[in-house]
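Novice: Could you work out the structure for the sequence below:
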Amino acid sequence: MATLTLKEFISGLNARLEKFSHDELKEVIRSHAMGLLPRERGEYLDRFVLPEKSNGKKNSRRTTLTDGEFLLREIEAFGERAENYEYTTGWGWDDDYGEERAWGDDSWVAEIDSLFERIGDFYEAGDYALARKTYEKLLEIYWGGSEEGRFSGHDQDEMMGTDLEEVSLRYLRSIYLSEKPLSRPEALLKGINNLSYLSSKATIHGMIHVSMEDLPDLGQFGKQWIDFLKKQKENRTVTELLKEAVRLFEGIKGLETLALDKADQFPGSFIEWLEALKKDKNYLEMIRVAKLGLERLSDRLAIKARIADYLHEAASQLDQKDLIEKSLKEALYSAPSLSRLLNLLDQAKDKNQKTEFLNGAMIRFGEIQNRTEKSDPLSLDYGKSPDLHENHIPQNLEIYCYLLKGDYAKAAAIMSPSKPLGWSSGDSPNAILVPFFLYARWNQEKTLTANIADLWKDATDVPIHFGDFFQEDSASGELGTRLRGYLEKALREFPISEKERDEYFGTAEKEAFKRVDGIVGEKHRQSYWKAAQLLLAAAEVYWSNGEADQGQKLIHRFKEKYHRHYAFKTELQNATKKSKLFSVQ
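Specialist: Residues are numbered from 1 along each chain as shown. Here you go, the predicted model:
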């Protein structure tokens, strides 16, 4: 559930309270009380007191200039202790987290929580200049100390009682309220950039709603903020802030203007525009705008896939079937992914149209591949706005295309040059090709046995990537199940001759042996089970074709080859017990 700002929370609470009568409110309170733990009951009763009436002035705690100076000195002293590594005794392994962390004195948590709380008193009292200065200083100490290992603990954010996101928004509000109107935009952008990894959550919307009180001169600021951001050098922070600013202060008309006038610089403005239309359920206009975005933006931009997703949604709502297919193609061609590929294949009427879709996709993949081979890796440019990321081809996607259209010869030719290790990371084509060609030789009249079934499932359970560098769709359904279904259907639609099946199996088996040798020979003990599973899967394929003796010989051969590797022998024994078809003495 998304975190609510104070204003959003109180507004939502008031809206709900208005719905209930006096007796209904009593029932809600009693119902909540019945679910409390015994130790929580006393504290719950103590909450039912009326707050003191306000005299119209902010009155949190009596504060003076001397109090502020004293707080600043305490923050500086805390920073000096952190800089001298007084809260850590060094780094070491933590079994609970499975990684190294800083060990030492956790008393820093109570100290920093207390300091943030005391800054909050000045903030509530309306001393925004002091709150700004102290928030900035303490946040700088905390983030610098976390990066340098000056604070003990594994996840320092979670150890603290302070909500850093809310503190960050209060810091921005303090800047707004302590800065002269003309210099607010520059000061706020600098403040947001100071917020380290929380800068992406430091929104103007959050700054506005972190308090119940309205900000002065907000309309004037909105115009200044938009003009200021448009003049800044493009990066991910500026782009996100500008889109938010236009949405907040100019609405759908402003988003339209930004998309039409500065599409090349801010292509994400089309997404904001489409999202606003979606909220209004204006599907006809969504289609028009999506078509416009797809037409105007460069074919290099992966964000076009998200625009195509909006086109697909609107076309589905209006049952415009020709646009549904068009949107799925555009999405795949703009941000190629396995999920998007399967979404398009779902529209195929028969295997001929499926082959046509796959051939068209591979032509597009080739164009992207030719371009990206000459450019710098996309993933290295972390400062670039995700809206400007260019499309790329995910690992093994072209191999899936070969398999899905029955071009087994081209797929099989890729096996031998591939590396025997690194399957788990998905970087090796053999991670799918070897299991596929082992499975292809399985006697389909028999139910899959334990190891071949697990190998096949593991090979086809491809993770969906989300995030800045993957403009991935969030298609419903489990991707691995869909992929297995399509590959198994491909073997029925494009059957392999017996001669070719045996040839491909032979190549896959050799690559499997190389992997076993790589794992066991180089003593990658944590992967011994993978080597055992692979050997038993091949043995089970022999069994399914009435060649159980060949399977047993295969197991015995590798048991003898690595007879000094007792841990591997144990994994072989576990795999054979699971199989229930073979034995290891």
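Novice: burial measure for the closest residue in space to residue 452 that isn't next to it in sequence, as a count.
Specialist: Spatially, and ignoring its direct neighbours in sequence, residue 452 is nearest to residue 537 (4.3 Å; CB to CB, 6 or more residues apart in numbering). (Each C-beta comes from the backbone N, C-alpha and C, glycine too.) The tally of other residues near residue 537 (other CB atoms under 10 Å) stands at 28.
Novice: is it true that residue 537 touches residue 438?
Specialist: Yes. Applying CB atoms under 8 Å as the test, residue 537 and residue 438 come out as touching, 5.8 Å apart.
Novice: quick check: longest helix of the chain.
Specialist: For the chain, the longest helix by residue count, based on DSSP state H, is helix 498-521.
Novice: Give me the next element, helix or strand, following that helix.
Specialist: Moving toward the C-terminus from helix 498-521, the next helix or strand (DSSP states H and E) is helix 528-544.
Novice: Show me what that following helix is packed up against.
Specialist: Judged by 3 or more CB pairs under 8 Å, 6 or more residues apart in numbering; DSSP states H and E, helix 528-544 is in contact with helix 430-440, helix 450-460, helix 498-521, helix 548-561, helix 566-579.
Novice: and it, how far from the chain's centre?
Specialist: 34 Å (CA atoms, centre = their mean, to the nearest Å).
Novice: Equivalent analysis for stretch 199-212, please.
Specialist: Relative to the chain's own centre, stretch 199-212 is displaced by 22 Å; criterion: CA atoms, centre = their mean.
Novice: Mind listing what's buried along it?
Specialist: 199, 202-204, 206-211 (16 or more other CB atoms under 10 Å).
Novice: Same check on stretch 416-433?
Specialist: Neighbour-count burial for stretch 416-433, counted by 16+ other CB under 10 Å, picks out 418, 420-421, 423, 428-433.
Novice: any chance of these in TSV, plus distance to residue 452 and pLDDT?
Specialist: Formatted as TSV, the buried residues of stretch 416-433 follow (distance: CB to CB, whole Å; pLDDT from 0 to 100):
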residue	distance to residue 452	pLDDT
418	20	68
420	19	74
421	21	79
423	16	77
428	19	84
429	20	90
430	16	91
431	16	91
432	15	93
433	15	95
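Novice: which one among those residues gets closest to residue 79?
Specialist: Closest approach between these and residue 79, by CB to CB: residue 421, at 46.7 Å.
Novice: List the contacts of that closest one.
Specialist: By CB atoms under 8 Å, 6 or more residues apart in numbering, residue 421 lies in contact with 428, 515, 518-519, 524.
Novice: for residue 523, same thing?
Specialist: By CB under 8 Å, 6+ apart, the neighbours of residue 523 are residue 565.
Novice: So what does it look like in phi/psi?
Specialist: Dihedral pair for residue 523: phi 60, psi 50, per degrees, to the nearest 10.
Novice: Which residues are in contact with the closest residue to residue 93 other than its chain neighbours?
Specialist: Spatially, and ignoring its direct neighbours in sequence, residue 93 is nearest to residue 100 (5.5 Å; CB to CB, 6+ apart). When contacts are counted by CB under 8 Å, 6+ apart, residue 100 touches 91-94.
Novice: out of the helices and strands packed on helix 528-544, nearest to residue 392?
Specialist: For those, the distance to residue 392 is smallest for helix 430-440, at 19.0 Å, taking CB to CB.
Novice: Count the neighbours of residue 521 for me.
Specialist: When neighbours are defined as other CB under 10 Å, residue 521 has 14 of them.
Novice: which one of the helices and strands packed on helix 528-544 is the most hemmed in?
Specialist: For these, the largest average neighbour count (mean count of other CB atoms under 10 Å) is found in helix 430-440, namely a mean of 25.
Novice: quick one: that one to helix 498-521, angle?
Specialist: 130 degrees (axes from the mean of the first three to the mean of the last three CA atoms, to 10 degrees).
Novice: Now do stretch 266-273: distance to the chain's middle.
Specialist: Computed by CA atoms, centre = their mean, the chain-centroid distance of stretch 266-273 equals 20 Å.
Novice: picking up where we left off before, closest one to residue 280 among the helices and strands packed on helix 528-544?
Specialist: Relative to residue 280, the nearest member of those by CB to CB is helix 450-460, separated by 40.7 Å.
Novice: helices or strands up against the helix or strand that the closest one is followed by?
Specialist: Next along the chain after helix 450-460, taking DSSP H and E as the criterion, comes helix 479-493. When contacts are defined as 3+ CB pairs under 8 Å, 6+ apart, helix 479-493 packs onto helix 338-345, helix 397-404, helix 450-460.
Novice: Rebuild these as TSV, extending it with distance to residue 171 and mean pLDDT.
Specialist: Listed next are these as TSV, based on distance: least, CB to CB, whole Å; pLDDT from 0 to 100:
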stretch	distance to residue 171	mean pLDDT
helix 338-345	40	95
helix 397-404	44	95
helix 450-460	47	94
